[in-house]
Structures are given as structure tokens and as C-alpha cells.
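> Here is my input, please return the structure:
(2 chains)
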Amino acid sequence: MLWLAVVVPDLPLLAFPDRPSPFAVTDGRRLVACDDKAGACGLHPGMPATESGVLCPDLCLRDRDEVAEGRVLSRLASILYRASPRVGVRPHGAVAQFTDQVTPFRDIRRVMDDLRGRLREAGIGGTMACAPTAEAALLCAVAEPGCILTGRDKWREFVAGLPVSCLPFPGSAAQLDELRIRTLGECMALPRAGRMRRFGAGMEAFFGRLVGERPEVFVSWQPPIVFSRRVRLSYALDNEEALLFALRRPLAHLTDTLRRHDAMTDRLTLALTGDGQTQTQVFCLTAPVRRGEVFLPLVRERFRDRTLPFAVSDVHVRCDCAQAREGTLALWAEGGARAEEWGVLVDRLQARLGSSSVCALRWHADHRPERATRELPWASPGHVSFGGMAEANHPLWLVDPPEALVVAHGGPRWQGRPLACLEGPERIESGWWDEAVVREYFVAHAGQGQRLWIFRTPGNEWFLQGYFA
Amino acid sequence: MHLTPALLQAGVTRGVPARVLQVQSTGFADLDACLPDHGWPQGTLVELQAAGSGIGELQLLMPALARLGEDRGHLVWVAPPYRLSAPMLVAHRITLERVLIVHPKTHKEALWSVHEALSNASVGAVICWFPDIRHSEFRALARAAEKSGRWGFCFLPMATSPRIARLRLVLRSLSRGLRVDVEGPRARTPVVIADIHRQVAASCRNGSRGG
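Numbers count the residues shown, from 1 in each chain, chains lettered A, B, ... in the order given. Below you'll find the model as predicted:
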């Protein structure tokens, strides 16, 4: 077995493709990476972020973007996937597995030259090395870039000569250095029980994988599944029923594709072309599905009120699929069918009214009433409500923005009638960080028994904020 | 064997399943006593007419909505005239994660949204507002509610149009509280809920202390 490892030390920098210079990335407290120009100013990874601004005044400092780093790593994996079907993604790089005898290029050197060119083109760069185990290849890519060790070489001796500083356990490396252990070989020669007690089982397993005593277990990277079908029609479609009929076949193909890959999808993009124009429609689901036909009723809802903008002669269906995650289904799951029904309702409402018209209500920790309540599109994920205790003397209806009231004879009037303040004042003074408000709230009584929530500003202006509905 | 005529008439031999009508208490004892079914009946789109905003028209529904929103039921609000206050909904023991607010752009979209929500089994209750509605449209929505057994509350402007809903409540404000006129089968004398604002506020406080 032969493993090829690519390590990208400046991965945090690559996450920002259009970065100025000098540039550095921080994890909040310490620098994670910096470019050459920042390095010339004396910056180095691991130094406190507050110091970096002093050493290099025009430095552009950004927080680490792990999502973008993941995208770079999957680009790297897709490049390695051209040479080997077994690719594993690691925190700072990727490994690819080859057999000893046969590679598509016969010689591993040619594979490496080819990959080096492709990586340079993709702007990833990085260093690479080959070794009989994945961990050894990763170590060599850091310590001895470009080296090739095969099973015929004395690779164990070579790895034993590497310095402990290249271990992927920074704390343990410093500890070993204090013990005056300089190379991996000296570390491996230590009594096993003591080493395990001192440095933990994680490092023991690492040494096992390094010398090939333990198997390398990893999840093989798979290229993303993209479904794309273009239907060219011999006649132009002018109504939605004909469009639905034309979509039936590509969506059946989508179902087949999803089944074949055991994948799911929650988003369908439909590009309609005709008369030299193109219109794109996106359909989102609240939960991923395994069947393409689910989108048919959504397309029907979307085009129910509006006619097709032009005669459609070309339909392009595109769908990004993800590997299905759940392996088993709960047998007696309570309310599973109900949750599914709810998803269907939300999907239908979103398809016809647009996702901005279907809202969830969230409570934000703020004293200003108009900011405490937020209406967000149901589709936008990850907004957790503040779970506090509410004042019981606030109203259910909010007027947003507050409505200015006419002041006459020293008091506020609403619809021509004077307001009598029953309770108050309750003072709300907040928002100095963005929009400062100083308000005195009153519960006011209008004629006909209506109760209003009004406030006064320091300038003696009165506003209507809510109704005690 | 002779079957008694009463048994024949009761639909027993035809195998018609008996429909069990659930009733949700309004949370106000006076109002429960006044309503024909002693609470909000299941599968009915209740028509509500309020004389102005801010007389406690929503607080009348809150105890029932809190219970309908339990047990994974969702509350769908279609075309509310103002912004709902999230902290106050929580104070009324309504789970915000199960609140869905729909803003339709046209009357047709509003009708369709209410119909969809009323026909969905995962919905606990639908609360909707219409500036105007035709009899036939209201009847179609009421049929959808009846078919799926959802609770529906429809706010309409004060008008003298003949009653179209099975149950209509007219809400007016008095100096001593909220006056509710119930129009429907077996309707009784109007009920006055004394000082609804204070009653509901007190129940909120008790609830948050107990929970």
C-alpha cells in the first residue's frame, strides 16, 4: 500500500480568495495563519491577536471561516479523486490511497507531478509526500516535502529520525522536548505502558497507525451528487399543465438518481428558457426527501396565479443532492406523520406565496419592544428564541413602526379623542449601541373601552406602540 | 327479530360512525356557560366581530390557543393586522416554534392559505383576518374546517350582514369589561367578562410562577 498526503499549511488564508496583503487569520485570541508580508513584519501563527496590530499597523485581520476552509478541502479532495478512488479528508489536507504496483500513471512520481500542476492551477499549493502509511505520509509532507518512501525503502528508520516537533499533538511535543527526547524513534523506544499513561491513548493509536501496526480507518470522500437534466421541447409550452407534464420524466429520473446514490435533496432549481429569455425558479423543502415527484405540486402552486412569462421551449432541472444521513427510522416515532404533514403545508405555502411571506416568530433579548419581536422567513435556519420571562402588562398587538399621536391641550389624542393614562409610566431606556431610545410607556384608555400602549419621548412627543387586544 | 324503530332511525344499522365532537374550553367560565357547546367546538370556523382594536379580542382566545398549541399542534395566523408580540405569546404559554405567520398579498391567496391550513392535520388552530368575505367563500372555509376537525377563528369587521357562520361572537367593550354577544343555535343572553385585561394578566403571572 502506498499513501500520498497533501498538507495545506495556509488553509485558513486560502479560505479568503480575495485577501489583501498583509493579511492574517485569527481564532479569536491567537493568530492561526498569516501571509508572507505579515510574516516579514514579525508576525507568526500562535501569537496573540492583540499584539499583531502593534507590529503591523495596516494588517487586515479576519476571523477563521471554517465553512470556506471545508470548501477548499473538498476542492483538494476532488483533485486527488482523479488519481485514486480512496481519498480521505484531514484537518489540514487530504490523503489518497494507491496500491504498490499499479497506478494509472505507472509511476508515483508522474502522479505527483501531475497533481502538483493541478493544485497550483487551483491556487491551493501545499506540500506532498508518499509513504506506506497515511500518518507517515502526512508527517513527511510537513517535515520533508516531496519525499517518496515505498515499502522497499527503509521507511521506518526514516520516520524514526523525524523530529518530535512535527507530531500532530502540540502539547505532547513540548512535553517530549522537556524530556530531551528529540526524535520520533526515541519516543517510540520508550516503555509502552509509561508512554500511554503520560500521553494518552490517542497518541498510542497514532504511533500504531504510523508504523502500520494498526489499520487506517477513514470515511472515503465521495464527489457531490449533482442531478442535471435538460429537456428540449419540439414545441413551445404556454401553460403550466403542459410544463408539469414535461417535468414528469426528469423528476422520475431524479427519483432514480436519488435511489441509486441513497441520497436526499431539499432544493430544486428550474431554469425555463424561451424567446431568448431565461427565468430561474427555486423550490425549497423544509425537510429533505428521496422522491423527485414531491416537487410537482410545488411547481403547480407556484404557477397557479401567474401564467408562464413566455413560451417555454427548454427546461433545465438541476438539483444538488446530499448523502442520506439517517440509517434507521424509529418504529414507534410519535408524530412522525404529523411532522411530515406540517412540512407539506409549509412547502406549499412557500411555493405559492414566496418564502418571505411565510414567517416564524422569534423573541430576541432586547428591551425595545419593536426589536424584541422578530418575524423571520420560516426557511431561514438556526434562530433560537430567547427564553426569558415576559412582563404581563404589555400588549399582544404591536404597531411597528410606532404611530405618531397628535398632541393637543398638553395631552395626546388618538382619532380625535383625548387619551387618559391609566398605568405608568414604565421607563424603557436602551439601545445605546445602535439606536438609543428613552421612552416612558403608559397604558392609555380611549373611548369605547379600547386600551392602548403609548409612550412619550424626552421631547414630549407621543407615539402609539400597541393595542391590548 | 324485530328492531325497534328508534334503533333503525339512529343510523346504527347503516354503520355510520358516531362523530365525537371535541370541545375546547375557552378558559372563561362565564363564556363557557353561554356558548351552545360549552366551549369552542371542534371543526367550526368561529366568526368574531370586534368593535375596535384593543378591547381584549385576542385575549379571549389565548387560553384556548395555548391548549390547542400543545401536543405538537401548530398555530397558523393568516393576515394579522398588526405585529404579534413574541414575549406576550410566551407569557400566554404559546410555544413560538409552533407559530406560523402568513402574509398573503391578495384576497385569493389569503383564502387559499386559510383553506390549506384548515385542511392540514398537523395544525392546531387557524386564526385569520379578512377585511371582507363572501358568503360562499366563508362557507367553503367552514366546510374545510368541518372536514378536518380543526379549530378556526375568523375576525371580520363589524357589519350588520346576516350571520353566515354556525357560531358568531360580537365583541363590544363596556366600562366594566368585555361584552360578548353569542349568535348561534341555542344562543343565550349576552355575557360580560369583567375586566378581561386584569383576568388574563393574573393568569399569566400565576402560570409563569407555577411553571
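> Please make it C-alpha for all contacts and neighbour counts, starting now.
Noted.
> Now the residue nearest the centre of chain B: which helix or strand?
Nearest to the geometric centre of chain B sits residue B:153, at 3.7 Å (C-alpha atoms, centre = their mean). Here residue B:153, judged by DSSP states H and E, is contained in strand B:151-156.
> how about that strand, does it reach chain A?
No. On the criterion C-alpha under 8 Å from any C-alpha of the partner chain, strand B:151-156 is out of touch with chain A, staying 12.4 Å away.
> Can you list the buried residues in that strand?
B:151, B:152, B:153, B:154, B:155, B:156 (16 or more other C-alpha atoms under 10 Å in any protein chain shown).
> thinking the fourth one is in contact with residue B:130, fair?
So the one you mean is residue B:154. Yes. If you go by C-alpha atoms under 8 Å, residue B:154 and residue B:130 touch, sitting 7.4 Å apart.
> and the buried residues of strand B:151-156 as a markdown table, adding pLDDT?
Listed next are the buried residues of strand B:151-156 as a markdown table, based on pLDDT from 0 to 100:
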| residue | pLDDT |
| --- | --- |
| B:151 | 92 |
| B:152 | 93 |
| B:153 | 94 |
| B:154 | 93 |
| B:155 | 92 |
| B:156 | 90 |
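> Just the closest of the residues you listed to chain A, please.
Set against chain A, the nearest of the buried residues of strand B:151-156 by C-alpha to the nearest C-alpha is residue B:155 (12.4 Å).
> To what extent is residue B:70 buried, counted in neighbours?
15 (other C-alpha atoms under 10 Å in any protein chain shown).
> who are the neighbours in contact with it?
Listed by C-alpha atoms under 8 Å, 6 or more residues apart in numbering or on different chains, the contact set of residue B:70 reads B:94, B:95.
> any idea how far it is from chain A?
Distance, residue B:70 to chain A, by C-alpha to the nearest C-alpha, to the nearest Å: 13 Å.
> Show the model's pLDDT score for whichever residue of chain A sits closest to chain B.
Nearest residue of chain A to chain B (C-alpha to the nearest C-alpha) works out as residue A:469 at 4.0 Å. As predicted, residue A:469 sits at a pLDDT of 82.
> Then residue A:380?
Reported pLDDT for residue A:380: 68.
> Would you mind giving the secondary structure of the residue nearest to residue A:429 when sequence neighbours are not counted?
With sequence-adjacent residues excluded and distances taken as C-alpha to C-alpha, 6 or more residues apart in numbering or on different chains, residue A:429 is closest to residue A:438, at 4.5 Å. Residue A:438 falls in the strand class when you classify it by DSSP: H, G, I helix; E, B strand; the rest coil.
> swap in residue A:423?
Following three-state DSSP, residue A:423 is assigned to strand.
> Give me the neighbour count for the nearest residue to it once chain neighbours are set aside.
Residue nearest to residue A:423 in three dimensions, not counting chain neighbours: residue A:443, with 5.1 Å by C-alpha to C-alpha, 6+ apart. For residue A:443, the neighbour count with other C-alpha under 10 Å is 24.
> residues contacting residue A:443?
A:421, A:422, A:423, A:424, A:451, A:452, A:453, A:454.
> which residues does the last one bridge with?
Residue A:454 has these beta-bridge partners by DSSP bridges: residue A:442, residue A:464.
> buried ones in the helix or strand that contains residue A:259?
In this structure, residue A:259 sits in helix A:240-261 according to DSSP H and E. By 16+ other C-alpha under 10 Å, the buried positions in helix A:240-261 come out as A:240, A:243, A:246, A:247, A:250, A:251, A:253, A:254, A:255, A:257, A:258.
> Please produce JSON lines containing the residues you listed, extended by pLDDT and distance to chain B.
Below are the buried residues of helix A:240-261 laid out as JSON lines (pLDDT from 0 to 100; distance: C-alpha to the nearest C-alpha, whole Å):
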{"residue": "A:240", "pLDDT": "83", "distance to chain B": "18"}
{"residue": "A:243", "pLDDT": "87", "distance to chain B": "22"}
{"residue": "A:246", "pLDDT": "88", "distance to chain B": "26"}
{"residue": "A:247", "pLDDT": "90", "distance to chain B": "24"}
{"residue": "A:250", "pLDDT": "91", "distance to chain B": "28"}
{"residue": "A:251", "pLDDT": "92", "distance to chain B": "25"}
{"residue": "A:253", "pLDDT": "92", "distance to chain B": "29"}
{"residue": "A:254", "pLDDT": "92", "distance to chain B": "27"}
{"residue": "A:255", "pLDDT": "92", "distance to chain B": "26"}
{"residue": "A:257", "pLDDT": "90", "distance to chain B": "31"}
{"residue": "A:258", "pLDDT": "89", "distance to chain B": "28"}
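> ok, so of these, who is nearest residue A:293?
Closest approach to residue A:293 among the buried residues of helix A:240-261 (C-alpha to C-alpha): residue A:251, at 5.7 Å.
> helix/strand/coil for residue A:142?
At residue A:142 the chain is in helix, as set by three-state DSSP.
> hmm, which helix or strand of chain B has the shakiest average pLDDT?
helix B:5-9 (a mean of 54; mean pLDDT, DSSP states H and E).
> Could you spell out the sheet neighbours of the helix or strand just after that helix, each with its direction?
Downstream of helix B:5-9, the next assigned helix or strand under DSSP H and E is strand B:23-24. In the sheet, strand B:23-24 lines up against strand B:40-41 (antiparallel) (DSSP bridges).
> quick one: average pLDDT of the partner strand?
Across strand B:40-41, the per-residue pLDDT values average to 90.
> Low-confidence regions, the stretch 1-150 of chain A specifically.
A:100-106 (pLDDT under 70).
> need the strands for it, in chain order.
Assigned by DSSP state E, counting those that start in this stretch, the strands in the stretch 1-150 of chain A fall at A:2-7, A:23-26, A:31-34, A:60-63, A:87-90, A:93-98, A:127-131.
> Tell me the buried residues in the third one?
Residues of strand A:31-34 classed as buried under the neighbour-count rule (16+ other C-alpha under 10 Å) are A:31, A:32, A:33, A:34.
> Tell me which stretches of the stretch 351-469 of chain A form helices.
A:369-372 (DSSP state H, counting those that start in this stretch).
> Would you map the strands across it?
Using DSSP E, counting those that start in this stretch, strands in the stretch 351-469 of chain A cover A:358-363, A:373-377, A:397-404, A:406-408, A:411-414, A:417-418, A:420-430, A:437-445, A:451-456, A:462-467.
> and those strands as JSON lines, adding distance to residue B:144?
Output for the strands of the stretch 351-469 of chain A, formatted as JSON lines (distance: least, C-alpha to C-alpha, whole Å):
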{"stretch": "strand A:358-363", "distance to residue B:144": "21"}
{"stretch": "strand A:373-377", "distance to residue B:144": "26"}
{"stretch": "strand A:397-404", "distance to residue B:144": "28"}
{"stretch": "strand A:406-408", "distance to residue B:144": "45"}
{"stretch": "strand A:411-414", "distance to residue B:144": "40"}
{"stretch": "strand A:417-418", "distance to residue B:144": "42"}
{"stretch": "strand A:420-430", "distance to residue B:144": "43"}
{"stretch": "strand A:437-445", "distance to residue B:144": "39"}
{"stretch": "strand A:451-456", "distance to residue B:144": "35"}
{"stretch": "strand A:462-467", "distance to residue B:144": "31"}
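> looking at those, which is closest to residue A:132?
Using C-alpha to C-alpha, the strands of the stretch 351-469 of chain A put strand A:373-377 closest to residue A:132, at 52.2 Å.
> Quick check: mean pLDDT of that closest one?
What strand A:373-377 shows for mean pLDDT is 87.
> neighbouring strands for it, and are they parallel or not?
strand A:358-363 (antiparallel).
> I'd like the distance from the strand it pairs with to the chain centre, please.
22 Å (C-alpha atoms, centre = their mean, to the nearest Å).
> Alright, calling it a day.
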